[in-house]
Every structure is written in C-alpha cells, then in structure tokens.
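Participant: no FASTA, just this:
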C-alpha cells in the first residue's frame, strides 16, 4: 500500500543553518508529492509540490526534488529563520488522486 | 479568493453531547475531506465527500458522520462525545481533477475540547 515516512523530530537548528528533513514514500504508479507546513494554532498550508519524477518544487527558499529512483522527496532550505519554526508534513496523492497519505510530521525549532 | 472556512474555531462540549462542525470549501472545489489531528495520533483521515457522496472513509466509529450539500459545503457530526474526541478537526478541499497534482487547501480547523 501507499505510505509516507519522514524523519522523527524535533529538529533544532540555529538561525541561518542548513535544513534537511527526510521523506521517503511507498506508492504504486506515479504519485504526486507535497510538503505542507503547520504553524501553531493553524491548519496546514501547502509549501511546495512536485507531480512527476525529477521535478523540483520550490517556495519561500524551500526546495524538494522528486526522486523516483530513491523514492524520496527531501525538504531543504539553505538558511533557516526563526519564523520557519513549525511542523512540516510530507504527503503523497496516489496516481488516481483517490487518497492522500501524510507522514507523521517533523517539528522544526529554529533558535536565534 | 476566499480560503477554506471552518466554524466554529473553538468549541467546548461535555461528554455524551453531540457536536456539528461546518466547513465551506474554496469556490469551485467539489471535494471536501475531514481530518482529526491529535498530539498522539497525528493526522487521521475521517472521510471525503465529492458531489454530495462519501467517496472515502477512514477507520473511525459510526459516531463520526458527515454530509455534503449541493453547494459543496460540508458538515461533520460527532455523537455521544468522549474525552478522546478532543482534537483539532481540519477540513480540506481540492478540485480532484484526474491527471493534475492538485493538493489540499486546509482550513484553520475547529479545536474541540470534551470535558
């Protein structure tokens, strides 16, 4: 079946550090992949997406590349800010767009 | 355009009562899904509605139900509330177009506390 696995948190970084949050998936066919971010007390917001292999999604300095050979979609940012502190969810939507599958979320704490 | 609107934002109920939560999707989005989010269980899928029909259902007891109206607005109902139903309930809408990677747009959620 389809599933998403992301690294356990919390991840604690100093401001301006490099960020990587690992995400791997299991899916049949060609899913679409997403990263969502949730700030305290809010719902999830779409951060970026990629719909086919080798696509790179990017937004607000965050990037993730759809790697079919390694079934991965790791989130990266070159220089994090305190305002990036949030919970990040990796997700996939199966090829028929029938169901979404979310990872368990990774909490990021950025210290000044 | 307006986002996904959930009402109310906060709710406190007593065990045994029932509650109804409301969700208005983005205009043009015909699919509405509901999720329960708790610290221990993370995001759990409740159900999805499309054109007033339930097309997917998660693994929740029958006390959890939902419906969708002709204008795509959706409600979910929880009857005989239990303490464990305390959670953030998130509604999400999407266009559900085959062949396009449209993701969900989430509302801000309804925080339900059962006492």
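Facilitator: Thanks, I have it. No experiment lies behind these values; they were computed from the predicted model shown. Numbering: from 1, shown residues only, chains lettered A, B, ... in the order given.
Participant: what sits against the residue nearest the centre of chain B?
Facilitator: Note on chain B: the residue nearest the mean C-alpha position is residue B:34, at 2.8 Å, using Cα atoms, centre = their mean. Residues counted as contacts of residue B:34 (Cβ atoms under 8 Å, 6 or more residues apart in numbering or on different chains) are B:23, B:45-48, B:66, B:74, B:76, B:89-92. C-beta coordinates here come from the backbone N, C-alpha and C atoms, glycine included.
Participant: if you set the cut-off to 7 Å instead, what comes out?
Facilitator: Neighbouring residues of residue B:34 by Cβ atoms under 7 Å, 6 or more residues apart in numbering or on different chains: B:46-47, B:66, B:76, B:89, B:91.
Participant: ranking the residues you listed by neighbours, who comes first?
Facilitator: Most neighbours among the contacts of residue B:34, by other Cβ atoms under 10 Å in any protein chain shown: residue B:91, with 30 neighbours.
Participant: Tell me where chain A has strands.
Facilitator: With DSSP state E as the criterion, chain A has strands at A:3-6, A:11-14, A:19-21, A:23-26, A:32-38, A:44-50, A:56-59, A:62-65, A:75-77, A:86-93, A:100-102, A:106-111.
Participant: Check which residues of stretch B:68-85 are buried.
Facilitator: B:68, B:72, B:74-76, B:78, B:81, B:85 (16 or more other Cβ atoms under 10 Å in any protein chain shown).
Participant: List just the nearest of these to residue A:40.
Facilitator: residue B:85 (21.6 Å; Cβ to Cβ).
Participant: How about the residues of chain B by chain A?
Facilitator: Contact residues, chain B versus chain A (Cβ under 7 Å from any Cβ of the partner chain): B:42-43, B:56, B:90, B:96, B:98, B:101, B:103-109.
Participant: repeat that with 6 Å
Facilitator: B:42-43, B:56, B:90, B:96, B:98, B:101, B:103, B:106-109 (Cβ under 6 Å from any Cβ of the partner chain).
Participant: Most neighbours among the residues you listed, which one?
Facilitator: Counting neighbours by other Cβ under 10 Å, residue B:107 leads the residues of chain B next to chain A with 27 neighbours.
Participant: Please tell me I have it right and it contacts residue A:42.
Facilitator: No: the pair residue B:107 / residue A:42 is not scored as a contact, 9.5 Å apart, by Cβ atoms under 6 Å.
Participant: buried sites along stretch A:16-35?
Facilitator: Here stretch A:16-35 shows A:19, A:21-25, A:27, A:31-35 as buried, counting by 16+ other Cβ under 10 Å.
Participant: just curious, which of these is nearest to chain B?
Facilitator: Nearest to chain B among the buried residues of stretch A:16-35 is residue A:32, at 3.5 Å by Cβ to the nearest Cβ.
Participant: Check what pLDDT that closest one gets.
Facilitator: pLDDT for residue A:32: 91.
Participant: do residue B:55 as well
Facilitator: 89.
Participant: And residue A:94, by the same measure?
Facilitator: Residue A:94 is given a pLDDT of 83.
Participant: got the contact list for it?
Facilitator: Residues near residue A:94 by Cβ atoms under 6 Å, 6 or more residues apart in numbering or on different chains: A:2, A:31.
Participant: Excluding chain neighbours, give the residue nearest to the residue nearest to the centre of chain B in space.
Facilitator: residue B:46 (4.1 Å; Cβ to Cβ, 6 or more residues apart in numbering or on different chains).
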